[in-house]
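*Asks:* Fold the stuff below for me.
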Amino acid sequence: MQTRRWREYNWPLLVCVLVLLVIGALAVYSATLTAVTFNGAPLSTLFPRQLVYIAIGLVLMTMATLLDYRLLSSLARPIYLGAVVTLAVVHIIGQVSGGAQSWIAVGERTIQPGEVAKLALVLALAAYWQHFEPRRDHWLVQMGALLITLVPLLLVLIQPDLGTALVMLGIWLVMAWGSGVRPGQLVALALLALPLLYVAWTTDLLLDDYQRRRLLTFYYLLRDPAQVNRDDAYNVVQALNAIGQGGWFGTGLTRGIFSQGNYVPVQHTDFIFAVIGEEMGFLGAVVLITFQALLLWQALTIAGQARDLFGRLIALGVFGMLFWHVLINIGMNLSLLPVTGLPLPLISHGGSFTLTVLIGIGLLQSITLRRRRIAF
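*Replies:* Just a heads-up that it's a prediction; the model follows:
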């Protein structure tokens, strides 16, 4: 039985993951080789840490693959509640970095509960819609799903972490579509968010001034670049300069003028695509985007082949999490979207995010292995 089950394993998905991890490891190595913090401390120690995160993540991915995803249906509620409580605790004991109170110190390391909360939200929504499967398109059921989303979303938004909040909203949107929500319901639910957007823009409850400046900077870059404050646009300008420097084939690993000159801020996380664009060139960026697209396609394929609604919605939730990260990260590096501070899946440095993504990939494989009954 086990041999026949493993024939269902999605090897193309694994290849995509491994290729992206290799590209990411090389990019993190180069991005941290000469980079320093604002205090002048070297970042070269981050590369070996990333290798440890990858190793642990692959183990967790394997464990998630072996786990029958259907067992998570009964665990989704406590996992979700645990994530919400942890997000609330962040506001009490959390550490501030980059203007956001998003991290909790655990010994000498820090964890970012907002990353784990994304996967907890996926499980909670999937279990919720499965519970109401016969009536999942009912208005009140869809309202309940939105409320489940808004609790962690608002907790991360007031950290403030706009990027994670947007991803959570995107996860709900993709999973709501997969649950069978009617277009009219989706529009009506979206209209309910308009007062929240007004409050976010006109008060300091949900957005900080620097986040508004980022949004305004993006607006002026599109409409009237002459009005852009150079300091506010510094990250984007340097990222574009780095990508433009790469040409077709790149300057070569560790040979980027901008990436090795410490010109691109947070180039090991939010702006790592700029490092790849400069040192690996246009072709390297195309390879990266191609494998990200293939990974997303595999996630959608798995969702379509899932044996039950719970598995399909988990797969769609993982797809949504990855899709919005890829779209927003690459978009902000190319000045096509506002800067919101989101890492690139399997590429950017970061323990919490790397582990979360690889666990999500493991759940996709678990759904694949159990997509049909094994006949004897």
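
*Asks:* Go ahead and name everything in contact with the helix or strand residue 79 falls within.
*Replies:* Assignment of secondary structure by DSSP states H and E places residue 79 within helix 72-93. Identification of contacts with helix 72-93 by Cβ atoms under 8 Å, 6 or more residues apart in numbering yields 101-105, 113-114, 116-117, 120-121, 123-124, 126-128, 130, 148, 151-152, 155-156, 158-159, 310, 314, 363. Just so you know, the C-beta spots here come from the backbone N, C-alpha and C atoms, and that holds for glycine as well.

*Asks:* from the chain's centre, how far out does it sit?
*Replies:* How far helix 72-93 lies from its chain's middle: 18 Å, per Cα atoms, centre = their mean, to the nearest Å.

*Asks:* Same check on stretch 125-138?
*Replies:* Relative to its parent chain, stretch 125-138 has a centroid offset of 25 Å by Cα atoms, centre = their mean.

*Asks:* repeat for stretch 88-96
*Replies:* On Cα atoms, centre = their mean, the centre of stretch 88-96 falls 21 Å from the chain's centre.

*Asks:* tell me which residues in it are buried?
*Replies:* 90, 94 (16 or more other Cβ atoms under 10 Å).

*Asks:* then that stretch to PDB, C-alphas only?
*Replies:* Output in PDB follows, covering the C-alpha atoms of stretch 88-96 (Å, rounded to 0.1, in the frame of the first residue of the first chain):
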ATOM      1  CA  ALA A  88      -2.000  39.300  20.900                       C
ATOM      2  CA  VAL A  89       1.100  38.500  23.100                       C
ATOM      3  CA  VAL A  90       3.300  40.100  20.500                       C
ATOM      4  CA  HIS A  91       1.800  43.500  21.500                       C
ATOM      5  CA  ILE A  92       2.900  42.900  25.100                       C
ATOM      6  CA  ILE A  93       6.400  41.400  24.900                       C
ATOM      7  CA  GLY A  94       7.200  41.600  21.200                       C
ATOM      8  CA  GLN A  95      10.400  43.200  19.900                       C
ATOM      9  CA  VAL A  96      10.300  46.100  17.400                       C
END
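
*Asks:* what's the residue closest to the geometric middle of this protein?
*Replies:* residue 325 (4.1 Å; Cα atoms, centre = their mean).

*Asks:* That residue and residue 167 touch, don't they?
*Replies:* Yes: counting by Cβ atoms under 8 Å, residue 325 touches residue 167, with 6.4 Å between them.

*Asks:* which residues are common contacts for the two?
*Replies:* residue 342.

*Asks:* From what I see, residue 281 and residue 249 are in contact.
*Replies:* Yes: contact criterion Cβ under 8 Å: residue 281 and residue 249 qualify, at 4.3 Å.

*Asks:* Among these two, which residue is more densely surrounded?
*Replies:* More neighbours surround residue 281 than the other of residue 281 and residue 249, with 20 against 12 (other Cβ atoms under 10 Å).

*Asks:* Just list the residues touching that one, thanks.
*Replies:* Residue 281 touches 246-251, counting by Cβ under 8 Å, 6+ apart.

*Asks:* out of those, which is most surrounded?
*Replies:* Neighbour max across these (other Cβ under 10 Å) = residue 246, 26 neighbours.

*Asks:* which residues of the stretch 201-350 of the chain score low on pLDDT?
*Replies:* Within the stretch 201-350 of the chain, the stretches with pLDDT under 70 are 201-211, 213, 216, 219-232.

*Asks:* swap the cut-off to 80 and go again
*Replies:* Counting by pLDDT under 80, the ranges of the stretch 201-350 of the chain that qualify are 201-234.

*Asks:* how about the helices in it?
*Replies:* For the stretch 201-350 of the chain, applying DSSP state H, counting those that start in this stretch gives helices covering 209-223, 234-246, 257-260, 272-279, 281-305, 309-333.

*Asks:* what pLDDT, on average, does stretch 81-94 get?
*Replies:* Summarised as a single mean, pLDDT over stretch 81-94 is 90.

*Asks:* and the longest strand along the chain, which strands flank it?
*Replies:* The longest strand of the chain (DSSP state E) is strand 100-106. If you go by DSSP bridges, strand 100-106 pairs up with strand 95-97 (antiparallel), strand 109-111 (antiparallel).

*Asks:* Just tell me which of these ends up closest to residue 174.
*Replies:* With Cβ to Cβ as the measure, strand 109-111 is the member of these nearest residue 174 (25.5 Å).

*Asks:* What about the nearest residue to residue 214 once chain neighbours are set aside? Give its phi and psi, please.
*Replies:* Among residues not flanking residue 214 along the chain, residue 339 sits closest, at 4.9 Å (Cβ to Cβ, 6 or more residues apart in numbering). Phi and psi for residue 339, reported as degrees, to the nearest 10, are phi -70, psi 120.

*Asks:* neighbours around residue 339, how many?
*Replies:* 28.

*Asks:* Verify the contact between it and residue 236 for me.
*Replies:* Yes: here residue 339 reaches residue 236: they are 6.3 Å apart, a contact under Cβ under 8 Å.

*Asks:* Cool, thanks, signing off.
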